[in-house]
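> sharing a model prediction with you, sequence too.
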Amino acid sequence: MSDQSTSANGLPIPGAPAPQQPSLAEPTEPHDPLPPKPDQDSPETVSPTGVPTGAPKTSNAQSGRYLTTAQGARLRDTDHSLKAGPRGPVLLQDHHLREKITHFDHERIPERVVHARGAAAHGVFVANGAAEGITRAGFLARDAQTPVFVRFSTVLGSRGSADTVRDTRGFATKFYTDEGTFDLVGNNIPVFFIQDAIKFPDVIHAGKPHPDREIPQAQSAHDTFWDFVSLHTEAQHHTIWNMSDRGIPRSYRTMEGFGVHTFRVVNAKGETSLVKFHWKPRLGVHSLVWEEAQIINGMDPDYHRRDLADAIEAGAYPEWDLGVQVFPDTEDEMFEGIDLLDPTKIVPEELAPVQVIGIMTLNRNVTNFFAETEQVAFHPGHLVPGIDVTNDPLLQGRLFSYIDTQLTRLGGPNFAQIPINRPHAPVNDMLRDGFHQDAVHSGVAPYQPNSLDGGCPFLAGADMGAFIDVPAPVAKSRKVRENPATFDDHYSQPRQFFRSLTPVEQDHVIQAYTFELGKCYEENIKVRQLQALANIDERLCAEVAAGLGLPAPAPTLKVDDAEPSPALQQVGGTWPVDGRIIGILADGSTDLAALARIRAAIDAADMVPLVIAPQGGMLGGQIPVQRTYLTARSTEFDAVVVAGSGEYGSDAVDSLDAKAGNPAGHPAIDPRVAILLTEAYRHSKALGAWGSGAGVLGASGIPEDAPGILVESPEELVPGLVTLLSQHRVWERFPVAAAS
C-alpha cells in the first residue's frame, strides 16, 4: 500500500486525523496553517466565471498565522466576551462575539430531503475512445482526462443516520469537462420505484419516518412504506432489488452505479442512439449480510464513509469502468419488447452487453466536508454537447426538481459559483446579481443582442461546440394524464430478478421481506404485499408468508417467465482484494517476529493489517496496536487471523465491557475473542491461525476443517487469504434453505 500520511512501525495505517503528529503540550509558537494531508484535495481554483486562476488549491483555505475576524482584524482573545467589568453584563458592542455567534447560528444549511447522508471524493475519468462512434462529447474522446467529483449517499435517512441501513444508494458523478459540467446522477439500483416524477413526493413521504413520531429513521421496515409499494405496484421491481443484498452494500467501493434513465446521444455526424449508463466497480459488487449490517449500525454508523476515506488514504484507489448499453433510436423507443422510457425496467445485459467507454479512479479525499460534500449540487440537466435527455417522465420531472431544490438549500441562484460546483469551462451567462453573487461582472449590457459591449457574449454554432438540443420528433397527440400501455407490466422483471439470483441470494431476499414486513403493525398491509409476492414467485411468497405466520395467497395474474440474467448475480467470479482489512488477534504470547512478517505480507498484497490486542499501546514494545478487545468488532474486518492465545484483557469484566461477561463455554479465552471469531465465522468470512491460534479457534467452537479456515505458517496464510477474499465470502459455509 502507498500514499498514506502516517505509519505504524514502518507500515502505513490510514486514519490519522492530521498531517503531522501533535505535540504533547499546546503549541505556542505561531506558524502558518498546516497543509492538507497527502490524501486530500480541494476544488480547482477557477474563478466564479470558470477561468483558471493559476493559484494553488490552498488559496481557498484559511491563511495567516493569527486568529482574525472575518474581515481580517487580528484578535488577542476569543475566550471571553466583552463585559462591563469581570462580573458585569456582556456588552452589545462586542463585535467579535456577535460575529462568531451569528456565524455559528447559521452554520447549517437545510439538509437534502433525500440523499442527505453522503460521502464524497475527488478523482479522474479517462476515456478509452469506445464512445466516439455514438457521441461527440469531448470528454469521451480517446485518452481524454476529466476531473470528477463523486458523492455516494443513502436515500431515506437524515444526515445523522447510519451508513449500513437497508436502502438505495445514490451514485452521483460531476464531470468537470472542457465543454461544461456534466452530471450523471444515478443510484446503485438500475430501476426506480415510480414511472412518473409526479409520484416522487409520494414514495419519499411513504419511506420517510412516520410524521407523528419521526420514527423509524433511515428504514423502510414500517407500515407507510409497505402500504405505498403494495398499492402502487410499479414499485415492486425496485423494492425487490432493495430487499436483495444490493440494499446493504459492503462499501461504496464495491457498489455498482446506474444512470437509471435512457439518454439520447448524438455523434459528430448528427446520428443519434439511445443509451443507459453503468458504473462497474473493478473490485466487484459485494454486500454485507443482514446481521453484520445491523451490528455495524451500532458499532460504527460511519462505516461506509470511513471505508472510502481510509481506502483512498491507503492508496487503494477505488476504480469503476463506465459503460453504456446502446440501443437504436427507433420511433417507438423500444428494445426487445422493453420500453426504454420506463424507469422501472432494465434491459438485461445478455440482450445488450455493457460496452466500457472509460475508467474512473477516485484518488483524493475532500479537504472540507461542508464546502465540498455538503455543498455540491448535482442536476440531471447539466449536459454537454453530444448527450441529451429523453421523454422518460421521471427524468423530465427531475430536470425541474433538482435546480429548484438548490435555490432553497444553497441560498439562491448562484450555487454554481460555490468552488466545488464551479465549471472548468469559461462562463459568460449574462446572469446577474442574486444572493451570494461572487463574480464581479464588467460591462454594461447583460442582454442579447447588444452593441454597447461589442456584441459579447456571442452565440456559438454547432461547429463551435454549442449544445444543440436533439430535434427529436414529437408525435401528434393530445394532452393526457396517463402512461403508455407498455408501462403496465409490474411483475415480469421482479420475477426475472429473483429467479436470476443464486440460492443463497434468494434466501437473503426472503429473509429481508420477512424482516421488513414483520416490523409492520397492520396485518392487511402484510397480506396485500404477500399478494404482490405471489405474482412474482410462488416460493418467495410461501416462505415469507410462513415467516409471518400468514397464509400464502394464490397469484392473481399470469406473469410471463423470462430467461434468467446471470449479470444480476453478485455471487461467483473472483476480484481484486485491494483495500481489504485483515484483523490480527495478538497478545503477550504472540511471536512478534512472525507478526511483523505477516503484517508486511498483508501490506504487500495491497490489503490493510490491523492488530487487535487486549489493550492499546505497543505490543511487546515493538508492534503498534490499532484495535483492542473493547473497540474491535468482527464487522470491521474482511478476514481475521489469530496470532495469539486469546488471553484475557485486564478489562474483561461486566462493569467495564458487557461483551466480556459470562465466560462460560469459553473459559480458556477472553469472551470477546470468541464473539469476534464466531461472528466472523457466522458471516462466512475467512479465518486463519498459526501456532497457539489454532487452539483459540477450537475454544471458540470453530472446526479447523470447515470451509475457509486456514491453519498455516504465517508465510502461507496470506496467499490463502487472498484466494478466499477474492470471492468476497466463503459462500459454501452458508446453509442454503432452498437446498435443504
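Nice, I can see it.
> what's the average pLDDT for stretch 275-294?
Stretch 275-294 shows a mean pLDDT of 97.
> just stretch 61-72 next, same as before
Here the average pLDDT along stretch 61-72 is 82.
> contacts for it?
30-33, 36, 42, 74-75, 78, 95-96, 99, 103, 367 (CB atoms under 8 Å, 6 or more residues apart in numbering). Every residue, glycine included, has its C-beta placed from N, CA and C.
> for stretch 362-371, same thing?
Contacts of stretch 362-371 (CB under 8 Å, 6+ apart): 36-37, 39-43, 61, 107, 120-124, 148, 150, 308-309, 312-313, 317-319, 372-373, 418-420.
> now it, how far from the centre of its chain.
Between the centre of stretch 362-371 and the centre of its host chain there is 14 Å, according to CA atoms, centre = their mean, to the nearest Å.
> which residues belonging to that stretch are considered buried?
362-368, 371 (16 or more other CB atoms under 10 Å).
> in JSON lines: these, plus secondary structure.
Listed next are these as JSON lines, based on DSSP: H, G, I helix; E, B strand; the rest coil:
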{"residue": "362", "secondary structure": "strand"}
{"residue": "363", "secondary structure": "strand"}
{"residue": "364", "secondary structure": "strand"}
{"residue": "365", "secondary structure": "strand"}
{"residue": "366", "secondary structure": "strand"}
{"residue": "367", "secondary structure": "coil"}
{"residue": "368", "secondary structure": "coil"}
{"residue": "371", "secondary structure": "helix"}
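> for those residues, work out which two are farthest apart.
Using CB to CB, the two most remote members of those are 363 and 371, lying 19.0 Å apart.
> hang on, the earlier thing: which among the contacts of stretch 362-371 end up buried?
For the contacts of stretch 362-371, buried by 16+ other CB under 10 Å: 36-37, 39-43, 120-123, 148, 150, 308-309, 312-313, 317-319, 372-373, 418-420.
> wait, doesn't residue 125 sit right on residue 175?
Yes. Between residue 125 and residue 175 a contact is recorded at 6.3 Å, counting by CB atoms under 8 Å.
> which residues do those two both contact?
Here residue 125 and residue 175 have 139, 146-148 as joint contacts, going by CB under 8 Å, 6+ apart.
> now the residues you listed: which count as buried?
Looking at the shared contacts of residue 125 and residue 175 with 16+ other CB under 10 Å, the buried ones turn out to be 139, 146-148.
> can I get those in TSV including distance to residue 276, pLDDT and secondary structure?
TSV is the format used below for these (distance: CB to CB, whole Å; pLDDT from 0 to 100; DSSP: H, G, I helix; E, B strand; the rest coil):
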residue	distance to residue 276	pLDDT	secondary structure
139	18	98	helix
146	20	98	strand
147	24	98	strand
148	19	98	strand
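> tell me the one of those nearest residue 532?
Distances from residue 532 to those, taken by CB to CB, are shortest for residue 148, at 38.8 Å.
> put together CSV for the buried ones among the shared contacts of residue 125 and residue 175, with distance to residue 567 on each row.
Supplementary listing: those in CSV, determined by distance: CB to CB, whole Å:
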residue, distance to residue 567
139, 27
146, 27
147, 30
148, 25
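> out of these, who's nearest residue 269?
Nearest to residue 269 among these, with distances taken as CB to CB, is residue 139, at 19.0 Å.
> surely that closest one and residue 146 touch.
Yes. The criterion here is CB under 8 Å, and residue 139 meets it with residue 146 at 4.4 Å.
> got any residues that touch both of the two?
Counting by CB under 8 Å, 6+ apart, the residues touching both residue 139 and residue 146 are 125, 127, 175, 177.
> all the helices of the stretch 251-400 of the chain, in order from the start?
290-299, 303-313, 393-409 (DSSP state H, counting those that start in this stretch).
> with residue 522 as the reference, name the closest of these.
Nearest to residue 522, of those and by CB to CB, is helix 290-299 at 23.2 Å.
> buried set for that closest one?
Residues 290, 292-297 are the ones in helix 290-299 that count as buried (16+ other CB under 10 Å).
> three-state assignment of the residue sitting furthest away from the middle of the chain?
The C-alpha centroid of the chain is most remote from residue 85, which lies 53.5 Å away (CA atoms, centre = their mean). Three-state call for residue 85 (three-state DSSP): coil.
> where's it relative to residue 91, distance?
As defined by CB to CB, to the nearest Å, residue 85 lies at a distance of 10 Å from residue 91.
> for residue 208, which non-adjacent residue is closest in space?
Nearest non-adjacent residue to residue 208, counting by CB to CB, 6 or more residues apart in numbering: residue 156, 6.2 Å away.
> what separates the one you found from residue 242, distance-wise?
On the measure of CB to CB, residue 156 and residue 242 end up 10 Å apart.
> quick one, grab the pLDDT at the residue nearest to residue 618 when sequence neighbours are not counted.
Leaving aside its chain neighbours, residue 618 sits nearest to residue 624 (5.8 Å; criterion: CB to CB, 6+ apart). The score at residue 624 is 95. That number is its pLDDT.
> just confirm residue 624 contacts residue 611, I think it does.
Yes. With contact defined as CB under 8 Å, residue 624 reaches residue 611; the gap is 6.8 Å.
> show me which of these two is the more surrounded one.
residue 611 (26 against 18; other CB atoms under 10 Å).
> before we move on, what SS does the more buried one have?
With three-state DSSP as the criterion, residue 611 reads strand.
> distance check, it against residue 144.
Distance from residue 611 to residue 144, by CB to CB: 44 Å.
> what does residue 199 give?
38 Å.
> distance across stretch 467-475, terminal residue to terminal residue?
24 Å (CA to CA, to the nearest Å).
> ignore what I typed, I meant stretch 638-657.
Start-to-end, stretch 638-657 (CA to CA) is 24 Å.
> now do that stretch: distance to the chain's middle.
Between the centre of stretch 638-657 and the centre of its chain there are 32 Å (CA atoms, centre = their mean).
> any buried residues in that stretch, and which?
For stretch 638-657, using 16+ other CB under 10 Å, the buried residues are 638-649, 651-652, 657.
> quick one: which of those is nearest residue 278?
For these, the nearest to residue 278 is residue 638 (25.4 Å; CB to CB).
> what's the nearest residue to the closest one if we skip its chain neighbours?
Nearest residue to residue 638 in three dimensions, chain neighbours excluded: residue 580, at 4.3 Å (CB to CB, 6+ apart).
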